[in-house]
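Novice: Quick one, structure for this:
(one chain, ligands or ions: 3)
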Amino acid sequence: MHVLSLLSLPLLVAATPLQFSRSRPQASELAPLPLVIWHGLGDDFQRDGLKTVAALAEKTNPGTYVHLIHLADSGAGDRQATFLGNVSEQVAEVCDQLSSDRILSTAPAINALGFSQGGQFLRGYIERCNSPPVRNLVTFGSQHNGIAEFQECGWSDWICRGAEALLRAGRWSQFVQSRFVPAQYFRDPADLGSYLEHSNFLADVNNERESKNETYKENLSRLNRFAMYLFEEDQMVHPKESAWFGELDASSGDVVQLRDREIYKEDWLGLKGLDEQGKLEFKTTPGRHMEISEELLEGVFKEYFGPIEVDVPVQNSLVKQVY
Ligand SMILES: *[C@@H]1O[C@H](CO)[C@@H](O)[C@H](O)[C@H]1NC(C)=O
Ligand SMILES: *[C@@H]1O[C@H](CO)[C@@H](O)[C@H](O)[C@H]1NC(C)=O
Ligand SMILES: *[C@@H]1O[C@H](CO)[C@@H](O)[C@H](O)[C@H]1NC(C)=O
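Specialist: Ligands and ions are numbered 1, 2, ... in the order given. Reported below is the predicted structural model:
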């Protein structure tokens, strides 16, 4: 089995070039929806590993237009933005990026794939913008319920360590909340008060504050399928069950699963509704954080991002079109 680590990036299917444009499909043509991919911390849109994933998506479902989300034009700038920036502003920038893309914006819907923090950021995109709307969302090792501990930087990773140094100003300071990306999904169940008061991103998109944003729930409820992959041996994300919206119980240290939590029971985000319709999928995969086999990815692409039939308005009526 090939193991594809998105941080150390072996080339697997480099022979298949990315296809960056396609003509609109004819009604009889079988073509998949476009796919957007948001990478994780420390990665960038120009790395071979990510290009390999894009090429595999194209190879699995020929004709797929793949867009790699990026927050700068250079790989270095895009990587830096995974550590540094105001996540709300980053999500807003991605909303503009997707809605101004000629192909994405004219598609009836798009599919979305989020790696690690890119998963909860894509959820932010859906809740706050969703134009073009996401049909199927798949996340790998995402921190949907945040992290209760910060990950350690590699000793030679100066951008990471520089960003981490910001934490000296205090994780809940406005200075840090508007700059250090992981702090904006930091969530310590033993100190929810500070989190609810100061969290710049997660407390808001998870609708945990007293006043709920109904749009977040409505938009997320429109998903056709939401598959959440958890890495069984994830040692990077604490707790790893955050990938499934699990929470560490502050006193016992046990993991409280989503279905036993208020966010679900009171359905602040529409997750309960999705679950009852069989649209919320709790998946596991062996391996550590971001160790994804090519076989697994191919299966995911077939299962979630394959060709579909959609209703397209043509002269006041709806026509079935295979996309
Ligand atoms: C809910 O979120 C939307 C999208 O971000 C925003 O436009 C709206 O103002 C928010 N509503 C409330 C009540 O905060
Ligand atoms: C992050 O940016 C948003 C949008 O500009 C702003 O409303 C918010 O106050 C910023 N967050 C912090 C912690 O400064
Ligand atoms: C999602 O929310 C935005 C912001 O409120 C709203 O304008 C939009 O119509 C919604 N889109 C979909 C497809 O749900």
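Novice: so Lys272 touches Arg261, yeah?
Specialist: No: the criterion here is Cβ atoms under 8 Å, and Lys272 misses it with Arg261 at 10.2 Å. C-beta: built from backbone N, CA, C; applies to glycine.
Novice: Find the nearest non-adjacent residue to Lys217, please.
Specialist: In this structure, Lys217 finds its nearest non-sequential neighbour in Gly270, 4.3 Å apart by Cβ to Cβ, 6 or more residues apart in numbering.
Novice: The one you found: neighbour count?
Specialist: 22 (other Cβ atoms under 10 Å).
Novice: how far away is it from ligand 3?
Specialist: 11 Å (Cβ to the nearest ligand atom, to the nearest Å).
Novice: Which pLDDT value goes with that residue?
Specialist: Gly270 carries a pLDDT value of 98.
Novice: Residue numbering should commence at 203 henceforth.
Specialist: Yes, from this point I'll number from 203; that puts the last item at Gly472.
Novice: residues contacting it?
Specialist: Residues counted as contacts of Gly472 (Cβ atoms under 8 Å, 6 or more residues apart in numbering) are Tyr418, Lys419, Glu420, Leu422, Ser423.
Novice: can you tell me which residue is nearest the centre of the protein?
Specialist: For the chain, Gly321 is the residue whose C-alpha lies nearest the centre (Cα atoms, centre = their mean; 1.6 Å).
Novice: and that one, what does it touch?
Specialist: Trp240, Thr341, Phe342, Gly343, Ser344, Gln345, His346, Met430, Ala445.
Novice: does the fifth one really touch Gln322, like I thought?
Specialist: Yes: using Cβ under 8 Å, Ser344 and Gln322 qualify as a contacting pair, with a distance of 5.1 Å.
Novice: who touches both of these two?
Specialist: Gly316.
Novice: Confirm that Phe503 sits in a strand.
Specialist: No: Phe503 is assigned helix when assessed by DSSP: H, G, I helix; E, B strand; the rest coil, not a strand.
Novice: interface residues of the stretch 403-525 of the chain facing ligand 1?
Specialist: Asn415, Thr417 (Cβ under 6 Å from any ligand atom).
Novice: Tell me which stretches of the stretch 403-525 of the chain form strands.
Specialist: Using DSSP state E, counting those that start in this stretch, the strands of the stretch 403-525 of the chain run over 427-433, 449-450, 457-458, 482-487, 493-495, 511-516, 519-524.
Novice: so does stretch 380-395 get close to ligand 2?
Specialist: Yes: against ligand 2, stretch 380-395 shows contacts by Cβ under 6 Å from any ligand atom at Ser380.
Novice: Backbone dihedrals for Leu286, please?
Specialist: With angles defined as degrees, to the nearest 10, Leu286 sits at phi -120, psi 130.
Novice: you'd agree it is up against Gln386?
Specialist: No: using Cβ under 8 Å as the test, Leu286 is too far from Gln386 to be in contact (11.0 Å).
Novice: of these two, who's got more company?
Specialist: Neighbour count, other Cβ under 10 Å: between Leu286 and Gln386, Gln386 has more, with 28 against 17.
Novice: What number of residues are in the vicinity of Arg463?
Specialist: If you count neighbours by other Cβ under 10 Å, Arg463 ends up with 16.
Novice: contacting residues for the spatially closest residue to it that is not a sequence neighbour?
Specialist: In space, Arg463 comes closest to Glu449 once its chain neighbours are excluded; the distance is 6.1 Å by Cβ to Cβ, 6+ apart. Contact analysis of Glu449 by Cβ under 8 Å, 6+ apart lists Asn347, Pro391, Pro441, Glu443, Val457, Val458, Arg463.
Novice: Highest neighbour count among these?
Specialist: Asn347 (28 neighbours).
Novice: before we move on, the earlier item: okay if I get the contacts of Glu449 as a markdown table plus pLDDT?
Specialist: Formatted as a markdown table, those follow (pLDDT from 0 to 100):
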| residue | pLDDT |
| --- | --- |
| Asn347 | 98 |
| Pro391 | 94 |
| Pro441 | 95 |
| Glu443 | 97 |
| Val457 | 95 |
| Val458 | 97 |
| Arg463 | 98 |
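Novice: Which of those lies at the shortest distance from Asp275?
Specialist: Proximity of the contacts of Glu449 to Asp275 (Cβ to Cβ) peaks at Asn347, which lies at 32.7 Å.
Novice: after the helix-or-strand element of the chain with minimal mean pLDDT comes which helix or strand?
Specialist: Taking mean pLDDT, DSSP states H and E as the measure, strand 205-207 is the helix or strand of the chain with the lowest mean score, a mean of 45. Later in the chain than strand 205-207, the nearest helix or strand by DSSP states H and E is strand 237-240.
Novice: Tell me how many other residues crowd Asp393.
Specialist: As a measure of burial, Asp393 has 14 neighbours, counting by other Cβ under 10 Å.
Novice: near ligand 1 at all, the helix or strand containing the residue nearest to the centre of the chain?
Specialist: According to DSSP H and E, Gly321 maps onto helix 319-330. Yes: applying Cβ under 6 Å from any ligand atom, one finds helix 319-330 in contact with ligand 1 at Arg330.
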